[in-house]
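A.B. asks: Okay, predicted coordinates and the sequence, questions at the end:
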Amino acid sequence: MACDAWMVPTDRTLSVRSYWTKDNPALLEAIKKFSDDAFFAGETHAAAVETWDEAGPIPVLTAVPYFGFDDASDFADIIDCFAETAAAAVSESGRAGARPFPLLAMPVIGSGGGGGAEVLGDLIRSVLEAAEFAAVRRLVDIVIVVRSAAQMGLAQRIRRENQHSQWTGLSPEVKQAAEDLSPDCVSGNIVPFLGAGISISAGAPSWPTLVSQLSVEVADQLTEVEKASLAAKGPLDQAEILKNLYPSPEEFNTAVAELVKKTAYGLAPTLIANLPLNQAITLNYDELFEIASEDAGNTCAVIPGTENPEASRWLLKMHGNVSDTSTIVLTRSDYLGFDANRNVLAALVKASLVTKRLVFIGFGLGDDHFHQILHDVREVSPESIARRAIALTLADDSLEQKAWKDKITLQPMAPHGTDTVTAGRILEIFLDYLLMLSTDSREYLLDPAFESQLTDPERRLKDLISSIHALNHEADDPSIAAASAAIGRFGTLN
């Protein structure tokens with residue numbers, strides 16, 4: 001995931017497990033050169049690697065108790081020190097991104113070699129509480145990376161306990177919008193429609209920026225007057241002109257693919273990919289959503305594309321894919337000629353709008369593509385789109401609300417006048433809140449490692465489920481087998 005810094009769990013002897021260094025020779029080299037005396041002496045829990053010239057996030061070596069711990073709360077100071085050290089390293093590196101606060105990533109420390117596997121439930125609660133405190137104190141955003149659906153399920157259930165007092169970055173109206181969407185999300189009835197704004201957090205260019213970057217390669221073919229005239233045209237027309245300046249259409253499309261091809265997805269794609277989705281639609285060429293979905297355990301079947309029997313959801317790529325540059329739609333003539341994909345969209349929307357809700361994410365309301373897509377969708381079912389579609393916009397605009405009244409619901413993330421960077425972070429918080437509400441995994445229920453965090457009703461439910469599983473082993477009865485299969489999502493007995 002694209003972030004500013006990440007925690008590398010270790011100890012005072014710099015023992016780092018192989019899965020952190022695998023395929024990362026730069027990290028191995030940085031560990032060899034590491035020589036922070038304060039860290040080795042135990043005077044600090046965390047230290048950033050001394051030199052990091054790589055493009056990726058800064059590794060922050062963090063000493064955790066590899067040989068056990070007395071109390072899960074012991075991790076509070078460790079996480080706070082990590083947050084403080086990481087924030088300072090990002091600031092000093094000069095590579096702080098466009099986000100208001102640095103984005104840090106960390107695992108559930110102590111759950112592997114740190115002795116916490118037997119009390120994983122306690123550990124997850126302590127890590128969540130410590131990370132929340134550290135994030136507020138050090139003015140950072142922290143992403144906790146979990147290993148399984150069971151860990152995710154318990155973590156989100158713990159977060160739901162305080163949902164009314166947390167997420168203070170969201171207004172009551174924005175929180176209500178997430179709460180209204182979550183039942184449809186849980187039932188798999190949300191269809192996200194993704195625009196370029198979703199990929200920008202990973203370093204992918206916006207449409208205008210992409211066109212600007214494409215112009216650099218052929219700048220010597222334009223006079224200063226032509227450059228000024230080009231800049232005044234719309235992105236589609238700019239792209240049309242630039243395509244004619246490249247040696248061939250194939251080379252132009254290859255250049256587009258190289259500029260948008262990213263493998264480290266940002267926070268928004270992974271939050272969306274972890275939602276319980278059956279389908280999604282995108283105008284993006286990159287494969288960030290597909291990669292994030294794969295990492296979340298939800299393989300995508302891409303349309304158009306080859307069949308994938310392992311897929312658990314499908315993704316319609318309206319404007320092409322970097323893996324097949326011939327499919328890329330960017331110029332005016334490309335856009336006017338992609339009627340086949342628009343027909344596919346119309347057919348899918350016709351079926352989807354009966355029971356599902358379209359959620360537009362990452363679009364600017366001035367985007368020509370957004371207007372065209374909305375036009376196509378409204379042609380299919382104007383009443384359904386007005387009632388069942390919502391566009392998540394960044395800042396409130398009273399004129400836009402008037403323009404789109406009775407056409408589509410607009411849900412701004414922030415008040416009028418909020419800068420784009422701040423509003424973009426609020427959108428990430430909104431998606432985090434929606435994911436928390438929509439995570440329905442109960443796989444932690446039967447695992448002894450989570451026993452200490454079960455509520456009294458969950459313990460009673462666990463006893464009932466255990467009895468059904470036991471009965472299924474004792475009796476060859478189809479009704480009992482069906483009941484046992486139906487409760488499979490609660491995990492398996494160890």
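C.D. replies: Now that the structure is in, tell me what you want to look at. As the structure is a computational prediction, the values presented were derived from the model and not from experiment.

A.B. asks: distance of the residue nearest to His416 when sequence neighbours are not counted from Glu250?
C.D. replies: Nearest non-adjacent residue to His416, counting by C-beta to C-beta, 6 or more residues apart in numbering: Asp396, 4.7 Å away. The way it works is simple: take the backbone N, C-alpha and C, and place the C-beta from them, glycine included. Using C-beta to C-beta, to the nearest Å, Asp396 is found at 44 Å from Glu250.

A.B. asks: Give the residue from these two that has the larger number of neighbours.
C.D. replies: Neighbour totals were compared for Asp396 and Glu250, and Asp396 leads with 18 against 11 (other C-beta atoms under 10 Å).

A.B. asks: any idea of the pLDDT on the residue nearest to His416?
C.D. replies: As predicted, Asp396 sits at a pLDDT of 93.

A.B. asks: tell me the contacts of it?
C.D. replies: 412, 414-416 (C-beta atoms under 8 Å, 6 or more residues apart in numbering).

A.B. asks: Which single one of these is nearest to Gln151?
C.D. replies: Nearest to Gln151, judged by C-beta to C-beta, of the contacts of Asp396 is Ala414 at 31.6 Å.

A.B. asks: Which positions are bridged to that closest one in the beta structure?
C.D. replies: On the basis of DSSP bridges, Ala414 is bridged to Ala395.

A.B. asks: Quick one: neighbours of it, just the number.
C.D. replies: 22.

A.B. asks: How confident is the prediction for it, by pLDDT?
C.D. replies: Reported pLDDT for Ala414: 95.

A.B. asks: For it, which residues are in contact?
C.D. replies: Listed by C-beta under 8 Å, 6+ apart, the contact set of Ala414 reads 394-396, 422-423, 426.

A.B. asks: which of those residues tops the neighbour count?
C.D. replies: Counting by other C-beta under 10 Å, top hit in the contacts of Ala414: Leu394 with 22 neighbours.

A.B. asks: Which residues are in contact with that one?
C.D. replies: By C-beta under 8 Å, 6+ apart, Leu394 lies in contact with 412-414, 418, 420, 423-424, 426-427.

A.B. asks: Let me have the contacts of Asp396 in a markdown table, adding distance to Leu259 as columns.
C.D. replies: As requested, the contacts of Asp396 are exported to a markdown table (distance: C-beta to C-beta, whole Å):
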| residue | distance to Leu259 |
| --- | --- |
| Pro412 | 30 |
| Ala414 | 29 |
| Pro415 | 34 |
| His416 | 33 |
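
A.B. asks: Which of the contacts of Ala414 sits closest to Gly364?
C.D. replies: Leu394 (8.2 Å).

A.B. asks: Can you tell me the closest non-neighbouring residue to that closest one?
C.D. replies: Distance criterion C-beta to C-beta, 6+ apart; nearest residue to Leu394, sequence neighbours excluded, is Ala423 at 3.7 Å.

A.B. asks: shouldn't that neighbour be in contact with Ala395?
C.D. replies: Yes: shown here, Ala423 and Ala395 form a contact pair, counting by C-beta atoms under 8 Å, at 5.1 Å.

A.B. asks: Mutual contacts of the two, please.
C.D. replies: Listed as contacting both Ala423 and Ala395 by C-beta under 8 Å, 6+ apart are 412-414.

A.B. asks: Let me have those residues in JSON lines, adding distance to Ala351 as columns.
C.D. replies: Listed next are those as JSON lines, based on distance: C-beta to C-beta, whole Å:
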{"residue": "Pro412", "distance to Ala351": "29"}
{"residue": "Met413", "distance to Ala351": "30"}
{"residue": "Ala414", "distance to Ala351": "34"}
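
A.B. asks: between those residues, which is nearest Thr299?
C.D. replies: Using C-beta to C-beta, the shared contacts of Ala423 and Ala395 come closest to Thr299 at Met413, 30.1 Å.

A.B. asks: Next up, identify which helix or strand Gly366 is on.
C.D. replies: Secondary structure assignment for Gly366, by DSSP states H and E: no helix or strand.

A.B. asks: likewise Ile390?
C.D. replies: strand 389-395.

A.B. asks: Mind jotting down where the strands sit in the stretch 1-150 of the chain?
C.D. replies: 5-10, 46-48, 58-63, 103-107, 141-145 (DSSP state E, counting those that start in this stretch).

A.B. asks: Those: which one's closest to Lys262?
C.D. replies: strand 103-107 (15.6 Å).

A.B. asks: and that closest one, what other elements does it pack with?
C.D. replies: strand 5-10, helix 75-93, strand 141-145 (3 or more C-beta pairs under 8 Å, 6 or more residues apart in numbering; DSSP states H and E).

A.B. asks: quick one: strands adjacent to it?
C.D. replies: Note on strand 103-107: by DSSP bridges, its sheet partners are strand 5-10 (parallel), strand 141-145 (parallel).

A.B. asks: contacting residues around the shortest one?
C.D. replies: Around strand 141-145, the neighbours that count as contacts under C-beta under 8 Å, 6+ apart are 1, 3, 83, 99, 101-108, 127-128, 131, 134-135, 155, 267, 425, 428.

A.B. asks: before we move on, what about the longest one?
C.D. replies: Around strand 5-10, the neighbours that count as contacts under C-beta under 8 Å, 6+ apart are 16-17, 20, 27, 46, 48, 57-64, 82, 86-87, 89-90, 102, 104-107, 109, 112-114.
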